[in-house]
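>>> Provided below are the primary sequence and the corresponding predicted coordinates.
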Amino acid sequence: MNIVVLVKQVPDSGAERNLRTDDNTVDRGSASNVINEMDEYAIEEALRIQEAHGGEVTILTMGPSGAAESIRKALSMGPDKAVHVVDDALHGSCALATSKVLAAALGTLNADLVLCGAESTDGRVQVLPHMLAERLGVAALTGARKLTIDGSALTIERQTDEGYEVVTAQTPAVVSVWDTINEPRYPSFKGIMAAKKKPVQALSLGDLGVAPSEVGLDGASSAVVEHSKRPPRSGGQKVTDEGEGGVKLVEFLATEKFV
Amino acid sequence: MDFDLTPQQSDLRDAVAALGRRYGHDYFVAKAKAGEHTTELWDEAGKLGYLGVSVPEEYGGGGGGITELAIVCEELAAAGCPLLLLVVSPAIAATVIARHGTGEQRARYLPGFADGSLKVAFAITEPEAGSNFHKLGTTARRDGDDWLISGRKCFISGVDESAYVLVVARVASGDRLQPALFMVPVDAPGLTMSKLDMEIVSPENQWLLYLDGVRVPADALIGDVEAGLPALFSGLNPERITVAAMGAGTARYALGRASGYASTRQVWGRPIGAHQAVAHPLAHATVQVDLARLMIAKAATLYDAGRDLEAGVAANMAKYASAEAAALAVDTAIQVHGGNGMTTEYGVATLLGAVRAGRIAPVSREMILNFVAQHVLDQPRSY
């Protein structure tokens, strides 16, 4: 099975993140940039499928030249090769434009299965798998907590707030996964050393036949007009126990409708 | 000399740090207090090839150097898991066998070092001789094709979890005695051990060893009799560099805990880190730790470049600087925590015994000062 895993480089969600003041896009310069956490689960799932069924695993990343570091880390987990769509004109692309570019790149890769994280920790819109499937004309199985494969038949357990739904489709398909699906492996030292020699193909917008005017900030279907920091948390209320602490605690909880 | 990590070394650092974080200091302390070993962490790190980074590729290892092994030691320690056996088994024993073992010995032992499935303890120190190998009382003598080894060893780490102990014994060469190294199975008849009670919170134990005519076959001798001295020396630089890296990692862990505490603990409406009396000692310790890390990087780079003599000076200096910095860092971290610093929960006083021992073992600060006085400053020998 020919599997492509979408990997996005994002600012580390565990550290302070900022938007740029000039164009309201993610400030990558001041951040520690890492693989989008949910994508690691997609990579792990792809590797498990490859171990069970054979085939090839390709990483597909759209991002600035610095995203090469995340591609290398993704490859150190075990995938065979990578494609890096990199073009200055892509800066500030919206989800629609991103899906257009990724669909064009996927058009060159002949994937049976496209795996990705259910959301990115920076954008968090969760729409990309659906948009991609629509553009490719294939099924979208999204939000999987479990994926089973029987020949060309795919079955997922789609995680919902109440439980899960069983959804099936035939390959080719796009499957997005949550962090409940597996436990990603750590790269082995051999994997780290092998990643250095794995092929990474760079593709520009010209290679993909996408016009620069269709992407980037100018081609975006939506724009962030302004942004501001979340206000600091207020001090909260301190209950001093002078014999009636318990009563005051319950009063507070009742006022806030916790009880 | 370029100490910038390669992308692969940088990825190794991130990967080991991530694995170490999943276990963490609470795991390390719980195992130590239960009298158990950190087997799960060791085995997982072994399967991922982190313990065998410096073992040659042809034996299944990573083909890296001491720089890589030092990264593994430092990052596990920085996650609160300073594993002493890393210094003993992969750094000393595997290096000695890779460099001076016979072809048959390399083929037999190195694959086990590569995946961590083989642990080998190292026995040089004796009650009378310390680690002065010219004065060792343990001897090996020929008996047919075999060797019979007798003597006493002390402060031998991790014998109870090792399959072999690499024993330094003196053998007759012409009319004098010189050190040689033997792979002795820990269950060999005539080898007995008793546990030394130590005031160190560690899942790895210290042992007294008694060898009473322990019989080992001819191929237990590493290389040949003439290989003994160079083989012994070949283990010393990796030992010093990795133990220094472990100290630096332990220091980073303690300073991380302390700076996290100082920036969040509020007294009179301000974090205590806003007070210079708290912040400056932490900053001072950080300077000492980073200076030590610089010397560790230099020593590892020299060693991996095959510049053994220069590496020897740098490795000793790195070990000295790291041990002093680690003791300072842990002591400072405890002070910053106030009373909390001495609790088990806050996870810094648990390192006190280990970093204090680091100023004594595996080579004391005084022996390093002797070395520097003699070899760098050309002073006469004091002993």
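It's in.
>>> A:Gln237 contacts A:Phe252, correct?
Yes - between A:Gln237 and A:Phe252 a contact is recorded at 6.3 Å, counting by C-beta atoms under 8 Å. Heads up, the C-betas are built off the backbone N, CA and C, glycines and all.
>>> the more surrounded of those two?
A direct count of neighbours by other C-beta atoms under 10 Å in any protein chain shown for A:Gln237 and A:Phe252 places A:Phe252 higher, at 14 against 9.
>>> and the more buried one, what helix or strand is that in?
helix A:245-255 (DSSP states H and E).
>>> any residues touching that helix, and which ones?
Helix A:245-255 is contacted by residues A:Gln237, A:Val239, A:Val259 when judged by C-beta atoms under 8 Å, 6 or more residues apart in numbering or on different chains.
>>> Helix or strand: which one has the residue of the stretch 1-150 of chain B found nearest chain A?
Among the residues of the stretch 1-150 of chain B, B:Gly49 lies closest to chain A, at 3.7 Å counting by C-beta to the nearest C-beta. Using DSSP H and E, B:Gly49 is not contained in any helix or strand.
>>> Who are the contact partners of it?
A:Ser188, A:Phe189, A:Lys190, B:Gly61, B:Gly62, B:Ala114, B:Asp115.
>>> Could you pull out the helices in the chain for me?
Answering for chain A, as no chain was given. A:37-53, A:68-76, A:95-106, A:128-136, A:189-195, A:205-208, A:245-255 (DSSP state H).
>>> I was thinking of chain B, sorry if that wasn't clear
Under the criterion DSSP H, chain B carries helices at the ranges B:7-33, B:39-47, B:66-78, B:85-86, B:94-100, B:103-114, B:228-264, B:276-304, B:308-337, B:352-357, B:365-375.
>>> In the stretch 151-259 of chain A, which residue sits closest to chain B?
Closest point on the stretch 151-259 of chain A to chain B, by C-beta to the nearest C-beta, is A:Phe189, at 3.7 Å.
>>> Distance check, that residue against B:Val55.
Distance of A:Phe189 to B:Val55, given as C-beta to C-beta, to the nearest Å: 10 Å.
>>> for chain A, what are the nearby residues on chain B?
Residues of chain B lying close to chain A (C-beta under 8 Å from any C-beta of the partner chain) are B:7-8, B:11-12, B:14-15, B:18-19, B:47-50, B:52-53, B:62-64, B:68.
>>> cutoff 7 Å now
B:Pro7, B:Gln8, B:Asp11, B:Leu12, B:Ala15, B:Ala18, B:Leu19, B:Leu48, B:Gly49, B:Tyr50, B:Val53, B:Gly62 (C-beta under 7 Å from any C-beta of the partner chain).
>>> possible to save the residues you listed as a markdown table with pLDDT?
What follows is the residues of chain B next to chain A, written out as a markdown table (pLDDT from 0 to 100):
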| residue | pLDDT |
| --- | --- |
| B:Pro7 | 96 |
| B:Gln8 | 97 |
| B:Asp11 | 97 |
| B:Leu12 | 98 |
| B:Ala15 | 97 |
| B:Ala18 | 96 |
| B:Leu19 | 98 |
| B:Leu48 | 98 |
| B:Gly49 | 98 |
| B:Tyr50 | 98 |
| B:Val53 | 98 |
| B:Gly62 | 98 |
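>>> for the helices of chain B, which one ends up most surrounded?
helix B:66-78 (a mean of 28; mean count of other C-beta atoms under 10 Å in any protein chain shown).
>>> what comes into contact with that one?
B:9, B:12-13, B:16-17, B:20, B:50, B:53-54, B:62, B:82-83, B:86-87, B:90-91, B:238, B:241-242, B:245-246, B:248-250, B:252-253, B:296, B:300-301, B:303-304 (C-beta atoms under 7 Å, 6 or more residues apart in numbering or on different chains).
>>> just stretch A:217-230 next, same as before
A:Leu19, A:Asp23, A:Asn24, A:His91, A:Gly92, A:Ser93, A:Cys94, A:Leu96, A:Ala97, A:Ser213.
>>> Can you verify my assumption that A:Asp27 contacts A:Ala15?
No - the pair A:Asp27 / A:Ala15 is not scored as a contact, 11.7 Å apart, by C-beta atoms under 7 Å.
>>> Between the two, tell me which one has more neighbours.
A:Asp27 (15 against 10).
>>> who are the neighbours in contact with the more buried one?
With C-beta under 7 Å, 6+ apart, A:Asp27 has these contacts: A:Asn18, A:Leu19, A:Arg20.
>>> from those residues, which would you call buried?
Buried members of those, scored by 16 or more other C-beta atoms under 10 Å in any protein chain shown, are A:Leu19.
>>> overlap between the contacts of A:Asp27 and the residues near chain B?
Of these, not one also sits near chain B (C-beta under 7 Å from any C-beta).
>>> and residue 150, what are its bridge partners?
You didn't say which chain, so I picked chain A. Beta-bridge partners for A:Asp150, by DSSP bridges, are A:Ala153.
>>> Hmm, no, I was thinking of chain B.
B:Thr139.
>>> Was I right to think it contacts B:Ala140?
No - taking contacts as C-beta under 7 Å, B:Ser150 lies outside contact range of B:Ala140: 8.0 Å.
>>> Give the residue from these two that has the larger number of neighbours.
Set B:Ser150 next to B:Ala140 and count neighbours by other C-beta under 10 Å: B:Ala140 wins out with 30 against 16.
>>> and the gap between A:Pro172 and A:Ile192?
Distance of A:Pro172 to A:Ile192, given as C-beta to C-beta: 31 Å.
>>> what about the two, which has more around it?
A:Ile192 (30 against 20).
>>> how about the residues of the stretch 101-250 of chain A that lie near chain B?
So far as C-beta under 7 Å from any C-beta goes, the stretch 101-250 of chain A lies against chain B at A:Tyr186, A:Pro187, A:Ser188, A:Phe189, A:Lys190, A:Ile192, A:Met193, A:Lys196.
>>> okay, now the fourth one: neighbour count?
If you count neighbours by other C-beta under 10 Å, A:Phe189 ends up with 28.
>>> Over to the first one?
The local packing count at A:Tyr186 equals 20, with neighbours defined by other C-beta under 10 Å.
>>> thought the residue of the stretch 151-259 of chain A closest to chain B was touching B:Tyr50?
Yes - assessed by C-beta under 7 Å, A:Phe189 is found in contact with B:Tyr50 at 5.9 Å.
>>> Which pLDDT value goes with residue 28?
With no chain named, the answer covers chain A. Note on A:Arg28: pLDDT of 87.
>>> ah, I was thinking of chain B
98.
>>> Now it: closest residue in space, sequence neighbours ignored.
B:Cys81 (4.7 Å; C-beta to C-beta, 6 or more residues apart in numbering or on different chains).
>>> next one: phi and psi at the one you found?
The phi/psi pair for B:Cys81 (degrees, to the nearest 10) reads phi -120, psi 70.
>>> could you list every residue that touches residue 208?
Picking chain A for this. A:Leu208 neighbours (C-beta under 7 Å, 6+ apart): A:Val101, A:Ala104, A:Ala105.
>>> that's the other chain; I wanted chain B
Contacts of B:Leu208 (C-beta under 7 Å, 6+ apart): B:Cys154, B:Met193, B:Ser194, B:Leu196.
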